[in-house]
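> task: produce atomic coordinates for the following.
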Amino acid sequence: MAFPSGAAARRTLLAALGAGVLSSRRPSTEAGDPTGLDDPVKKDLAMRLVSSAENSSLDWQAQYTYIEDIGDGRGYTAGIIGFCSGTSDMLALVELYTERVPANPLAPYLPALRAVDGTDSHDGLDPGFPAAWRTAAKTSAFRTAQRDERDRGYFDPAVARAKKDGLGTLGQFVYYDAMVMHGPGADALSFGGIRGRARQGADTPADGGDQTAYLHAFLDARVWAMRQEAAHHDVSRVETAQRVFLEQGNLDLDTPLNWKVYGDSYEIG
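Numbering: from 1, shown residues only. Model prediction:
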């Protein structure tokens with residue numbers, strides 16, 4: 001995913017989780033509380049929506065093997081939510097995978113991943129790391145690890161924070177997508193900072209505010225954050241997708257859904 005590098009070297013990315021919610025590593029599951037985004041059907045929907053923006057495809061399960069440097073200053077971007085070599089989450093993922101499967105194709109690259117964290121450097125990773133990633137991604141163990149780290153670092157804390165703020169399924173997705181792109185930190189360009197900026201303009205439903213008004217304020221704050229970075233300057237994943245659902249009053253994120261990202265049209269019936 002693409003949250004601020006360096007600043008975001010996120011660093012404490014997976015420690016405090018700026019959303020204020022901690023979760024432990026645990027076996028992967030696609031099941032959950034059937035009252036929101038963690039309903040299995042809604043969760044799959046969320047992954048397809050994110051994949052439309054991250055990979056220009058609704059087939060999120062085809063992204064386990066994906067890896068490239070997209071030139072955004074975050075090194076290699078890879079996997080189902082765009083784990084980055086420069087922003088701590090790829091390192092956390094490979095560490096988790098190696099805890100479970102010590103003899104794996106990515107384990108030899110752990111020293112290099114630790115050294116390049118917070119930078120866009122490929123030192124110690126080229127030329128073999130991309131091929132090693134693709135080899136690992138053919139195994140069920142690494143695919144499970146990707147899902148687990150996605151849930152631990154992004155999905156679970158985003159949904160939990162949204163529920164505490166009194167948000168429905170759409171709001172939970174809005175939080176999750178912001179967490180994926182910006183990271184869970186507390187600085188101005190991370191999730192915590194975006195949430196803080198939104199709360200300056202509107203109360204959360206848990207604080208007595210109107211849900212639609214608050215979500216507009218959150219999306220406004222996110223657009224501001226995106227426009228601080230050239231890599232995020234196209235805000236269509238907010239304005240022609242999430243904002244559209246909000247303006248339609250689709251707070252439960254019910255299908256059918258029609259949206260655009262980067263000029264491409266998508267539909268889920």
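
> and the closest residue to residue 105 other than its chain neighbours, which of the three is it?
Ranked by Cβ to Cβ, 6 or more residues apart in numbering and with sequence neighbours excluded, the top spatial neighbour of residue 105 is residue 132, at 4.1 Å. No exception for glycine: its C-beta is placed from N, CA and C like everyone else's. Residue 132 carries the three-state label helix when classified by DSSP: H, G, I helix; E, B strand; the rest coil.

> what ranges does this structure have for its strands?
For the chain, strands defined by DSSP state E occupy the ranges 67-69, 76-78, 83-84, 257-261, 264-268.

> surely the residue nearest to residue 105 touches residue 107?
No. Here residue 132 lies out of contact with residue 107, judged by Cβ atoms under 8 Å, at a distance of 9.2 Å.

> just the CA trace of stretch 43-61, in PDB.
Presented in PDB, the C-alpha positions along stretch 43-61 are these (Å, rounded to 0.1, in the frame of the first residue of the first chain):
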ATOM      1  CA  LYS A  43     -15.200  -8.300   3.300                       C
ATOM      2  CA  ASP A  44     -14.800  -9.900  -0.200                       C
ATOM      3  CA  LEU A  45     -16.500  -6.800  -1.600                       C
ATOM      4  CA  ALA A  46     -14.100  -4.500   0.200                       C
ATOM      5  CA  MET A  47     -11.100  -6.400  -1.200                       C
ATOM      6  CA  ARG A  48     -12.500  -6.100  -4.700                       C
ATOM      7  CA  LEU A  49     -13.100  -2.400  -4.300                       C
ATOM      8  CA  VAL A  50      -9.500  -1.900  -3.000                       C
ATOM      9  CA  SER A  51      -8.100  -4.100  -5.800                       C
ATOM     10  CA  SER A  52      -9.800  -1.900  -8.400                       C
ATOM     11  CA  ALA A  53      -7.700   1.000  -7.100                       C
ATOM     12  CA  GLU A  54      -4.500  -0.800  -6.300                       C
ATOM     13  CA  ASN A  55      -4.400  -3.200  -9.200                       C
ATOM     14  CA  SER A  56      -7.000  -2.100 -11.800                       C
ATOM     15  CA  SER A  57      -8.800  -5.400 -11.300                       C
ATOM     16  CA  LEU A  58     -11.600  -6.800  -9.200                       C
ATOM     17  CA  ASP A  59      -9.700 -10.100  -8.900                       C
ATOM     18  CA  TRP A  60      -7.900  -9.500  -5.600                       C
ATOM     19  CA  GLN A  61      -7.000 -13.100  -5.200                       C
END
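
> ok, and what's touching it?
Outside stretch 43-61, the residues within contact range by Cβ atoms under 8 Å, 6 or more residues apart in numbering are 1, 30, 32, 37, 62-63, 66, 80-82, 155, 173, 176-177, 180, 237, 241, 253, 255, 257, 259, 261-262, 264, 266, 268.

> do you know how far residue 157 is from residue 87?
When distance is defined by Cβ to Cβ, to the nearest Å, residue 157 is 16 Å away from residue 87.

> specify which residue of these two has the higher count of neighbours.
Between residue 157 and residue 87, counted using other Cβ atoms under 10 Å, residue 87 has the larger neighbour count: 30 against 24.

> what ranges does the stretch 151-269 of the chain have for its helices?
With DSSP state H, counting those that start in this stretch as the criterion, the stretch 151-269 of the chain has helices at 156-164, 169-182, 191-201, 211-226, 236-237, 243-247.

> many thanks, have a good one.
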